[in-house]
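Student: Sequence and predicted structure below; questions after.
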Amino acid sequence: MVWGCITENGPGRLIWIKDTMTGLRYTKILEEGLWGLLDDQGIPRDLDTFYTFQQDNDPKHESKSPDMNIIKNVWNFVETQIRRRSPLPNSVDQLWVALQEEWSRIPIEYINKLYDSLPRRVSDVIAANGGATRY
């Protein structure tokens, strides 16, 4: 299992989760990954700043509403890049290296395009009365 996040400034840290996910472990991942990303990208961590933190479609994070999370697109992008490799990774360690390399190569233009799509996605969900959309 891998945890990663993005901001409109680019991809953040990628964390390889080798052990069982617990509440304590997830808290540590957020401290390292999310707070670390803010520090890495020079984003202030003050209490007066509003942040939107959106989780992916892991069953622990899902709700009955449509999945509007753009990180899903990012994971698909990374998977496509890895599947284009020749040779393909043939071990967990090789896959981890490939993930880190492809994660760091995600074009900022691609991420910006995803962020720019959010107002359209919200409008489509509203128009569909919360039902399925093209996203």
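Tutor: Cool, the structure landed.

Student: Can you name every helix or strand that the longest helix along the chain contacts?
Tutor: The longest helix of the chain (DSSP state H) is helix 108-127. Judged by 3 or more CB pairs under 8 Å, 6 or more residues apart in numbering; DSSP states H and E, helix 108-127 is in contact with strand 10-16, helix 71-83. Heads up, the C-betas are built off the backbone N, CA and C, glycines and all.

Student: Give me the distance from it to the chain's centre.
Tutor: On the basis of CA atoms, centre = their mean, to the nearest Å, helix 108-127 sits 15 Å off its chain's mean C-alpha point.

Student: again with stretch 78-95
Tutor: Put simply, stretch 78-95 sits 19 Å off its chain's centre (CA atoms, centre = their mean).

Student: Tell me the buried residues in that stretch?
Tutor: Within stretch 78-95, the residues scored as buried using 16 or more other CB atoms under 10 Å are 78, 81-82.

Student: pull the CA atoms of that stretch into PDB?
Tutor: Only the C-alpha atoms of stretch 78-95 are listed here, as PDB (Å, rounded to 0.1, in the frame of the first residue of the first chain):
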ATOM      1  CA  VAL A  78       1.200   7.000 -12.400                       C
ATOM      2  CA  GLU A  79      -0.100   3.400 -13.100                       C
ATOM      3  CA  THR A  80      -0.200   4.100 -16.800                       C
ATOM      4  CA  GLN A  81       3.400   5.400 -16.800                       C
ATOM      5  CA  ILE A  82       4.600   2.300 -14.800                       C
ATOM      6  CA  ARG A  83       2.800   0.000 -17.300                       C
ATOM      7  CA  ARG A  84       4.700   1.600 -20.100                       C
ATOM      8  CA  ARG A  85       8.000   0.700 -18.700                       C
ATOM      9  CA  SER A  86      10.200  -1.900 -20.300                       C
ATOM     10  CA  PRO A  87      11.000  -4.000 -18.500                       C
ATOM     11  CA  LEU A  88       8.200  -3.900 -16.000                       C
ATOM     12  CA  PRO A  89       9.100  -3.900 -12.300                       C
ATOM     13  CA  ASN A  90       9.200  -7.600 -11.200                       C
ATOM     14  CA  SER A  91       9.500  -7.200  -7.500                       C
ATOM     15  CA  VAL A  92       7.900  -5.100  -4.700                       C
ATOM     16  CA  ASP A  93      11.200  -3.200  -4.300                       C
ATOM     17  CA  GLN A  94      11.400  -2.500  -8.100                       C
ATOM     18  CA  LEU A  95       7.800  -1.300  -8.100                       C
END
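
Student: No further questions, thank you.
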